[in-house]
Structure formats: structure tokens, C-alpha cells
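Visitor: Could you look at this predicted model? Sequence included:
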Amino acid sequence: MKSIYQTQGTCSKAIEIDYDPATDIVNSVRFAGGCPGNTIGVAALAKGRKASELISMLEGTPCGTRGTSCPDQLARALKQIVQQ
């Protein structure tokens, strides 16, 4: 299942996620925009992991004084996808 999540409060504008609800596995993540080193790294680390694990690891991660971050936005996106 592929989903696109529109981010809020970050340099990235959207996150494309390929998720398998039957296994809870994230097959791939691609950020549109954001800091390339950060977003490429987070996407590589997310690949093949359970969404529930990623949510617990990344939720609440700040970026400066923004109150959110690309990793936090990924956690929010996954929470939304898992609840569908």
C-alpha cells in the first residue's frame, strides 16, 4: 500500500511510504525535500522495519525549535496509515 503524507512544520514537503499492513513492514520511504543526508538516512533505516517500531523510535523527535522534524513527521504519517 502506497501513501503520500503532506508534512507540516518541516523542510520536507511530503513523505511517500510503501507499507504492507499484513506484516506491519515499511517497504520504502522517500522524502520530498528536507535535508538530504537526514532524509536519505532515515529512509534507509526505516526500510524493512515494522511501522510500530518506527513510530515508537521516531515520535517526538525535534528539529531545533520547530516542535517536529522529518523523523517525527514519518512517525505521524505511519500512525495515520496504520489506523486506516
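Guide: Thanks, I have the structure now. Worth saying up front: this structure is predicted, and the values here are computed from it rather than measured. Residues are numbered from 1 along each chain as shown.

Visitor: how far away is the residue lying farthest from the centre of the chain from residue 55?
Guide: Most distant from the centre of the chain: residue 65, at 19.3 Å, with distances by C-alpha atoms, centre = their mean. According to C-beta to C-beta, to the nearest Å, residue 65 stands 23 Å off from residue 55. To be clear about C-beta, it is placed using only N, CA and C from the backbone, and glycine gets the same treatment.

Visitor: Could you do residue 27 as well?
Guide: 16 Å.

Visitor: Residue 12 now?
Guide: Distance from residue 12 to residue 55, counting by C-beta to C-beta: 18 Å.

Visitor: So which of the two has more stuff around it?
Guide: Using other C-beta atoms under 10 Å, the more surrounded residue of residue 12 and residue 55 is residue 12, with 22 against 16.

Visitor: Isn't the more buried one up against residue 40?
Guide: No - counting by C-beta atoms under 8 Å, residue 12 sits too far from residue 40 to count as a contact (11.3 Å).

Visitor: Doesn't residue 3 lie inside a strand?
Guide: Yes - assigned with DSSP: H, G, I helix; E, B strand; the rest coil, residue 3 falls within a strand.

Visitor: Can you name the residues that contact it?
Guide: By C-beta atoms under 8 Å, 6 or more residues apart in numbering, the contact set of residue 3 is 16, 17, 19, 77, 81.

Visitor: Please repeat the previous calculation with a cut-off of 6 Å.
Guide: Counting by C-beta atoms under 6 Å, 6 or more residues apart in numbering, residue 3 touches 17, 81.
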